[in-house]
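A.B. asks: coordinates for the following, if possible.
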Amino acid sequence: MTFRIDCHVKVLDEAVVERAKRAGLDAIVYAPHFTRFPEIRDRAATYSDDDLLVLPGREVFTGPWWDRKHVLAIGLEAPVPDFIPLETAMAEFDRQDATVLVPHPEFANVSLSEADLRAYADTIDAVEIFNPRHFPPDNRRARELAETLSVPPFTSSYAHLPRSVGVAHTAFDAAIEGEAEFRAALEDGIARRVVYDNGLDRWATTAAELGHLVYENTWKKIDRLFLSGTEPTHPHHIAYDGRFDDVAVY
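C.D. replies: Reported below is the predicted structural model:
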């Protein structure tokens, strides 16, 4: 029995679901930016059906914009905001017994470093070793880190655009029917394969996603920092009841 899952997508609608099914996926993890976990969970449940399991996740932006470290958590019971120190986020994931994945390690200024991976080895359950936004040296470095530190691997489309969904997936050698079984497979190091297309379609995806990355880090960043007001996932947002006010980096 093989369970095929795209472990990290940012977009979700009917077209995304249909694309995932055409790609032969059994599941996707939906983890959009700057969206509170209860909303993510509700939307994931809306689009989940007998043919495609949609699991909710939260990619938390720790630290300030110029040195933010992204961490993907699955199985949260309580919301965790962005813009808190990495150590605070990891402690909160431990407290909630969440499954912790490391997307795009050592990529630009948005990722965990080798030192971070070593420091939080007991909390981290898997490291991404292929990401379509990466160039080959980035993916080789990610694979090297996972192998050197003996951390199980995963991959994802990291799709910010619907067309990217399913271009990479992780295939587990296990019968998985829901979130609990998926988390157990990650945490227990169940045998898996990292699957991706390295042909022209992959490079078209890379070009499109990198173009979107430029947009994210220019006008969209200015809008979020200065024009849009308090983000729903900002530590000072009323939804967090002041629990993270003393550690907010902004």
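A.B. asks: which elements pack onto the top strand by length along the chain?
C.D. replies: With DSSP state E applied, the strand covering the greatest number of residues in the chain is identified as strand 53-62. Counting by 3 or more Cβ pairs under 8 Å, 6 or more residues apart in numbering; DSSP states H and E, the packing neighbours recorded for strand 53-62 are strand 3-9, strand 27-30, helix 37-47, strand 69-74, helix 86-96. All C-beta spots, glycine's among them, are computed from the backbone N, C-alpha and C.
A.B. asks: and the third one, how far from the chain's centre?
C.D. replies: Going back to what we said before, that points to helix 37-47. Taking the mean of its C-alpha atoms, helix 37-47 sits 15 Å from the chain's own mean (Cα atoms, centre = their mean, to the nearest Å).
A.B. asks: ok, now the shortest one?
C.D. replies: Here strand 27-30 is found 10 Å from its chain centre; the criterion is Cα atoms, centre = their mean.
A.B. asks: what strands line up against it, and which way round?
C.D. replies: For strand 27-30, the pairing partners within the sheet under DSSP bridges are strand 3-9 (parallel), strand 53-62 (parallel).
A.B. asks: and for the fourth one?
C.D. replies: When sheet partners are counted by DSSP bridges, strand 69-74 sits next to strand 53-62 (antiparallel), strand 99-102 (antiparallel).
A.B. asks: quick one, it and helix 37-47 angle?
C.D. replies: Taking axes from the mean of the first three to the mean of the last three Cα atoms, to 10 degrees, one finds strand 69-74 and helix 37-47 inclined to each other by 50 degrees.
A.B. asks: which outside residues touch strand 69-74?
C.D. replies: The contact list for strand 69-74, computed with Cβ atoms under 8 Å, 6 or more residues apart in numbering, reads 7-8, 29, 31, 55-63, 80, 86, 89-90, 93, 98-104, 110-112, 116, 179, 182-183, 186.
A.B. asks: picking that back up, with mean neighbour count, distance to Y47 and mean pLDDT as extra columns, can I get the strands paired with strand 69-74 in CSV?
C.D. replies: Written out in CSV, the entries for the strands paired with strand 69-74 read as follows (neighbours: other Cβ atoms under 10 Å; distance: least, Cβ to Cβ, whole Å; pLDDT from 0 to 100):
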stretch, mean neighbour count, distance to Y47, mean pLDDT
strand 53-62, 24, 5, 97
strand 99-102, 24, 21, 98
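A.B. asks: for E92, what are its contacts?
C.D. replies: V80.
A.B. asks: quick revisit: quick one: which of the strands paired with strand 27-30 is nearest D125?
C.D. replies: In terms of Cβ to Cβ, the element of the strands paired with strand 27-30 nearest to D125 is strand 3-9, at 11.2 Å.
A.B. asks: would you mind writing the CA trace of the closest one as CSV?
C.D. replies: Presented in CSV, the C-alpha positions along strand 3-9 are these (Å, rounded to 0.1, in the frame of the first residue of the first chain):
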residue,chain,number,x,y,z
PHE,A,3,0.1,6.8,0.3
ARG,A,4,1.0,9.7,-1.9
ILE,A,5,0.9,13.2,-0.3
ASP,A,6,2.0,16.7,-1.3
CYS,A,7,3.1,17.8,2.1
HIS,A,8,2.8,21.6,1.7
VAL,A,9,0.5,23.7,-0.5
